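Visitor: Starting from these lines, generate the structure:
(one chain, ligands or ions: 1)
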Amino acid sequence: MSKVSIIGSGVAGLSAACFSAKNGHEVTVFEKNEGIGGRARQFSENGFVFDMGPSWYWMPDVFENFFNQFGKTTADYYNLVQLNPGFRMIFGEQDFLDVPASATDQYALFESIEPGAGNALKLFLDDAEVKYKEGMLKLAYMPGQSWLEFLKPSVIRAAAGLNMFSSVSRHVRRYFNDRRLIMMMEFPVLFLGAMPSHIPALYTLMNYAALGQGTFYPIGGMFNIIDAMHQLALSLGVKFETGAPVTKIGIAGKKANAIHIGDKVLPTDAVIAAGDYHHVEQALLEAQYRNYTEGYWDKRVLAPSSLIFYVGVSKKLPNLLHHNLFFDTDFEVHSKEIYDTPKWPTAPLFYVSCPSKTDDTVAPAYHENLFILIPVAPGLNEAACDRDAYYEKVMDRMEKICRTSIREHVVYKKSYCVNDFKADYNAYKGNAYGLANTLRQTAVLKPSIRNAKVSNLLYAGQLTVPGPGVPPSLISGELAAKITHNHLKSSI
Ligand SMILES: Cc1cc2nc3c(=O)[nH]c(=O)nc-3n(C[C@H](O)[C@H](O)[C@H](O)COP(=O)(O)OP(=O)(O)OC[C@H]3O[C@@H](n4cnc5c(N)ncnc54)[C@H](O)[C@@H]3O)c2cc1C
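Guide: Numbers count the residues shown, from 1 in each chain. Purely as a prediction, here's the structure:
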């Protein structure tokens, strides 16, 4: 039995732990924080239960596939419900679109806004489904080690139809003219950390996830995913050490041989580093063992950071759904402030999740649980940020659009921003979702899953393949565990 050490208990670390244990290894997960889950942690306060990071449960088949590989289903752990409407896009006072769950209702909605858009949506989603099946269910499971992986005839055939060299924004405009429909079709790729004009059209697979498959929610909150993976890992014999910040990866003869936690040195046969990639390389490895330099990282396009407010309200808010996107200010201006000339945004778009619309367990009776997220450029100096001023700005707009008072009913409030991401997760520039999925940061062009100089050191998580988001992080853990297992088998 070989010892596999995993750094980080986020989705990627938990996935890597489960697969490594299933492969017969003795697995320990080291987590710097007191609680597990990384960016997908949860906290409870005053009767409210807040998911700290992810709130959109998309791509249910990826989760199902994960648990199926252990003879389980998600239903063994949590109760998943589909939201209908899936989400609300707000463009102004009494100007919003609710995206229905069923295809027929979606076509009717699009047709009612732009003649011909119903049929265009069907064609768009048929194409997006092909991309999803090739991109998410096949290409995402390739470790991106060499272009040779992509030279298989089946992959070449598939890639030819994936519009790698067109952008999401160009692709969307081939189908739709209406401003609001274009925004709706472009919004899902914002999760990938760049403007739709910089994201390959392959990623309209996200539209298939958002509309074709739908938006789901595990009752009790997104942390259920973490809890389920944790339970599975424990049942497979994985050990967890929390409050255990790894300070160094010990190396001898080009092999990782120890995990250092301060003065404690623990022997290991392999390491899967599922903490933020930049931190692992720059802080835990000596320079000669790093894949990349500080200069390399500085040139990467990072996905945004976020200013988040976790808010408890002592009344029901009738004009909100579970997922609400406030696109009531200029998208172009905000995106420039994130990507082109990074600065604290002037009149940002924001997103509000209100899980208490679906789930009685996350707020006291007749209360609402709000998660308010403003995307901001990574690496901004927080000294120049007035969190309270942003809170007032979003409350002004929410009260206007919801046509009700909210502020005076707030009974709990906590904010979270760039410096918290750095302190809690060792996040490079305080990024929230890792690296953007631009063409130059896709597949082989992403930071490598393998350390090129240390044969038994792998990376997992949102900064390596296949990319940001819970489902990709889940897959990256599986890939890293598979490569580690093959390596350990071959070195016996
Ligand atoms: C605000 C926000 C909203 C999001 N919304 C969504 C969404 O709606 N849907 C979706 O699919 N995805 C969403 N995401 C993205 C998704 O949450 C992440 O891609 C995913 O959770 C990343 O998992 P990970 O395992 O790669 O990293 P992490 O979750 O960050 O896990 C890494 C772990 O490593 C630990 N660590 C770091 N350094 C050390 C060290 N030296 N020693 C020990 N441990 C260490 C950290 O504490 C952390 O626990 C969101 C993310 C954020 C932040």
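
Visitor: does the residue in the stretch 151-300 of the chain that the ligand sits nearest to count as helix, strand or coil?
Guide: Here the stretch 151-300 of the chain gets closest to the ligand at one residue, residue 275, 3.0 Å apart by Cβ to the nearest ligand atom. In short, each C-beta sits where N, CA and C put it, glycine included. Reduced to three states with DSSP: H, G, I helix; E, B strand; the rest coil, the structure at residue 275 is coil.

Visitor: Need the pLDDT of it.
Guide: Reading off the per-residue confidence, residue 275 sits at a pLDDT of 98.

Visitor: ok, which stretches of the stretch 51-200 of the chain are strands?
Guide: For the stretch 51-200 of the chain, the strands defined by DSSP state E, counting those that start in this stretch occupy 80-82, 87-92, 95-99.

Visitor: For the stretch 1-150 of the chain, what lies in contact range of the ligand?
Guide: Those residues of the stretch 1-150 of the chain that sit near the ligand, judged by Cβ under 6 Å from any ligand atom, are 7-13, 30-33, 38-40, 53-56.

Visitor: I'd like the strands of the stretch 51-200 of the chain laid out as TSV, including mean neighbour count and distance to residue 307.
Guide: Rendered in TSV, the data for those read as follows (neighbours: other Cβ atoms under 10 Å; distance: least, Cβ to Cβ, whole Å):
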stretch	mean neighbour count	distance to residue 307
strand 80-82	15	29
strand 87-92	19	19
strand 95-99	18	23
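
Visitor: would you turn the ones you listed into CSV with mean pLDDT?
Guide: Below are those laid out as CSV (pLDDT from 0 to 100):
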stretch, mean pLDDT
strand 80-82, 98
strand 87-92, 96
strand 95-99, 96
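
Visitor: ok, residue 257 - contacts?
Guide: Taking Cβ atoms under 8 Å, 6 or more residues apart in numbering as the criterion, residue 257 is in contact with 250, 251, 267, 268.

Visitor: hmm, 10 Å instead?
Guide: The contact partners of residue 257, taken as Cβ atoms under 10 Å, 6 or more residues apart in numbering, are 249, 250, 251, 265, 267, 268, 269, 270, 271, 454, 456.

Visitor: Pull out the buried residues from the helix or strand containing residue 258.
Guide: Taking DSSP states H and E as the criterion, residue 258 maps to strand 255-261. Taking 16 or more other Cβ atoms under 10 Å as the basis for neighbour counts, the residues of strand 255-261 that come out buried are 255, 256, 257, 258, 259, 261.

Visitor: And the ligand, is that strand touching that?
Guide: No: counting by Cβ under 6 Å from any ligand atom, the ligand is not contacted by strand 255-261; separation bottoms out at 7.9 Å.

Visitor: Quick check, residue 321 in contact with residue 97.
Guide: No: between residue 321 and residue 97 no contact is recorded; they are 11.1 Å apart, counting by Cβ atoms under 10 Å.

Visitor: Identify the contacts common to those two.
Guide: Jointly contacting residue 321 and residue 97 under the rule Cβ under 10 Å, 6+ apart are 85, 87, 88, 90.

Visitor: and the first one, what does it touch?
Guide: Remark: with contacts taken as Cβ under 10 Å, 6+ apart, residue 85 is in contact with 97-101, 105-106, 109, 214-215, 321-323.

Visitor: Count the neighbours of the residue of the stretch 151-300 of the chain closest to the ligand for me.
Guide: Taking other Cβ atoms under 10 Å as the neighbour definition, residue 275 ends up with a count of 29.

Visitor: how about it, what does it touch?
Guide: 6-10, 12-13, 30-32, 38, 245-246, 283-284, 425-427, 459-461, 463 are the contacts of residue 275 under Cβ under 10 Å, 6+ apart.

Visitor: Also residue 304?
Guide: With Cβ under 10 Å, 6+ apart, residue 304 has these contacts: 190, 193-194, 335, 338-339, 342, 373-378, 380, 418, 430-433, 436.

Visitor: The same query, at a cut-off of 8 Å, please.
Guide: For residue 304, the residues meeting the contact criterion (Cβ under 8 Å, 6+ apart) are 193, 338, 375, 376, 377, 378, 431, 432, 433.

Visitor: Kindly list the longest helix within the chain.
Guide: Scanning the chain for the longest helix, with DSSP state H as the assignment, gives helix 470-490.

Visitor: quick one, it and strand 255-261 angle?
Guide: Orientation check (axes from the mean of the first three to the mean of the last three Cα atoms, to 10 degrees): helix 470-490 against strand 255-261 gives 130 degrees.

Visitor: residues of helix 470-490 that come out buried?
Guide: So, applying 16+ other Cβ under 10 Å, buried residues of helix 470-490: 470-485, 487-488.

Visitor: Please apply the same query to stretch 107-123.
Guide: Using 16+ other Cβ under 10 Å as the burial criterion, the residues of stretch 107-123 that qualify are 107, 109, 110, 113, 114, 117, 118, 120, 121.

Visitor: go on, stretch 376-391?
Guide: 376, 377, 378, 380, 382, 385, 390, 391.

Visitor: pretty sure residue 11 is touching residue 228, no?
Guide: No: with contact defined as Cβ atoms under 8 Å, residue 11 does not reach residue 228; the gap is 11.0 Å.

Visitor: And those two? Which one has more around it.
Guide: When neighbours are counted by other Cβ under 10 Å, residue 11 and residue 228 differ, and residue 11 comes out ahead with 31 against 20.

Visitor: could you dump the contacts of residue 304 to CSV with distance to the ligand and secondary structure?
Guide: Formatted as CSV, the entries for the contacts of residue 304 read as follows, by distance: Cβ to the nearest ligand atom, whole Å; DSSP: H, G, I helix; E, B strand; the rest coil:
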residue, distance to the ligand, secondary structure
193, 10, coil
338, 14, helix
375, 9, strand
376, 11, strand
377, 15, coil
378, 11, coil
431, 8, coil
432, 4, coil
433, 5, coil
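
Visitor: quick check, nearest of those to residue 440?
Guide: Each of the contacts of residue 304 was scored against residue 440 by Cβ to Cβ, and residue 193 proved nearest at 12.8 Å.

Visitor: What distance do you get for that closest one to residue 329?
Guide: In this structure, residue 193 and residue 329 are separated by 20 Å, where distance is defined by Cβ to Cβ, to the nearest Å.

Visitor: Now do the contacts for the residue nearest to residue 354 when sequence neighbours are not counted.
Guide: The shortest distance from residue 354 to any residue that is not its chain neighbour, by Cβ to Cβ, 6 or more residues apart in numbering, is 4.8 Å, and that residue is residue 320. Applying Cβ under 8 Å, 6+ apart, one finds that residue 320 lies in contact with 88, 352, 354, 357, 368, 402.

Visitor: Find me the pLDDT at residue 320, would you?
Guide: At residue 320 the predicted local confidence, pLDDT, stands at 96.

Visitor: Switch the strands of the stretch 51-200 of the chain over to CSV; also include distance to residue 71.
Guide: Compiled in CSV, these are given as follows (distance: least, Cβ to Cβ, whole Å):
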stretch, distance to residue 71
strand 80-82, 18
strand 87-92, 33
strand 95-99, 35
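
Visitor: Need the per-residue pLDDT for residue 271.
Guide: Here, the pLDDT recorded for residue 271 equals 98.

Visitor: Checking the closest residue to residue 337 other than its chain neighbours next. Helix, strand or coil?
Guide: Across the structure, with Cβ to Cβ, 6+ apart as the measure, the residue nearest residue 337 apart from its sequence neighbours is residue 345 (4.5 Å). The local conformation at residue 345, judged by three-state DSSP, is coil.

Visitor: Please report how far residue 345 lies from the ligand.
Guide: From residue 345 over to the ligand the distance is 16 Å, taken as Cβ to the nearest ligand atom, to the nearest Å.

Visitor: What is the burial count for that residue?
Guide: Burial of residue 345 is recorded as 23 neighbouring residues (other Cβ under 10 Å).
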